[in-house]
Each structure stands twice: as C-alpha cells, then as structure tokens.
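Asker: Pasted the sequence and its predicted model underneath.
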Amino acid sequence: MSKPGGRSRVGLIVATLIILGSIAYMLSGGIGGNLVYFLTPSELLAKGPEAVDVPIRLGGQVAPNSVKWDAESLDLRFTMQDADGSHVEVHANKAPPQMFREGIGVVVEGKYLPSGVFESNNLMVKHSNEYRAPDAGHDPKDMIKTLVREPAG
C-alpha cells in the first residue's frame, strides 16, 4: 500500500525542480541570446567596414539643428550623436514618432551604408516612464501644448 498523498508530494517536488531549473537557466545566461543591445555612434564608427550592410540598432541623441523633415515625401534626415561627440547621419522614409525632436534620445534599427549614412527602417523614441504631476499653479490644459507640433511654415 502507498502512503496517502505520496503522489501529490512527488508531483510537487517535480514541479519545484522544473521551476528552479528554469530560473537557474535564465540566470546563467540562457536569455542572453535574446537580449538586444544597441551601439552608440562611437561604437558603430569604431567597427569600420565590419558594421556596413548588417542589421544594427543604433542609439544616441538627435543633434541640435539637424532635423530635416519633408512630410510630402516622408523623408526624414537627422544627425545622431553620443556623449563622446561622434556623429552619424540617419535617414528614414517614414513619419517620425510624435515625441521625436532635437535633443531626445532615440534608437534606430537598420543598416549602415557604405556612403556613411545609417538607413533606418524603425525609429524609436526614448522617454521616461515616470509620471510627474504639473507644478502648483500650472493648468493641466496647458500641458497639451508640449505634445502638439506647430505646422512648419
């Protein structure tokens, strides 16, 4: 005769071992192959010809006075810079995200061309996930002005 609850105890032990094994696998680097990193402009330029025509994620800040946007042809050009002072010209054929502006952190995916231009097929804007209430005396209705772009003209 078997003890009452013996099967459930074995099942519990097996489930616990599977969970602990999964956690140990993830901690030991099993997820490392799925992490996606980005290069800074300095790192991209340091790679030289090795970085040309291969899929890359590039991250940095939009340089001041560098954004050129043609809404009719969906032609976006800007310069990305990093803290080391390196610059890379970026081109994209799509509308920029609403929060896109000079000085903001961005990550672009695409390829670095032999011409020295990074051809982007995806542009992501970095932003804080931290909520801050308006300062005392500020009307929340005035905050919309920071989100709406004025038409160029």
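Answerer: Done, it's in. Numbering: from 1, shown residues only.
Asker: count of neighbours near Pro96?
Answerer: 18 (other C-beta atoms under 10 Å). Every C-beta, even on glycine, is put in place using the N, C-alpha and C of the backbone.
Asker: That one is in contact with Leu76, isn't it?
Answerer: Yes: using C-beta atoms under 8 Å as the test, Pro96 is close enough to Leu76 to be in contact (5.5 Å).
Asker: Give me the common contacts of the two.
Answerer: Applying C-beta atoms under 8 Å, 6 or more residues apart in numbering, one finds that Pro96 and Leu76 are jointly contacted by 69, 123.
Asker: State the helix or strand in which the residue most central in space within the chain lies.
Answerer: Nearest residue to the geometric centre of the chain (C-alpha atoms, centre = their mean): Val107, 4.5 Å. Assessed by DSSP states H and E, Val107 sits inside strand 105-112.
Asker: Helix, strand, or coil at the spatially closest residue to Gly116 that is not a sequence neighbour?
Answerer: Once flanking residues are discounted, Gly116 sits nearest to Glu89: 6.7 Å by C-beta to C-beta, 6 or more residues apart in numbering. Using DSSP: H, G, I helix; E, B strand; the rest coil, the structure places Glu89 in strand.
Asker: next one: Leu20
Answerer: helix.
Asker: so how far is Glu43 from it?
Answerer: 37 Å (C-beta to C-beta, to the nearest Å).
Asker: okay, these two: which has more neighbours?
Answerer: Between Leu20 and Glu43, Glu43 has the larger neighbour count (other C-beta under 10 Å), namely 17 against 10.
Asker: just the helices in this structure please.
Answerer: Using DSSP state H, the helices found in the chain span residues 6-25, 41-47.
Asker: just so I know, which of the ones you listed lies nearest Glu72?
Answerer: helix 41-47 (28.9 Å; C-beta to C-beta).
Asker: The closest one - what's its average pLDDT?
Answerer: The pLDDT scores in helix 41-47 average 93.
Asker: Return the set of buried residues in the helix or strand of the chain with the lowest mean pLDDT.
Answerer: When each helix and strand of the chain is scored by mean pLDDT, DSSP states H and E, helix 6-25 comes last, with a mean of 87. Within helix 6-25, no residue is scored as buried using 16 or more other C-beta atoms under 10 Å.
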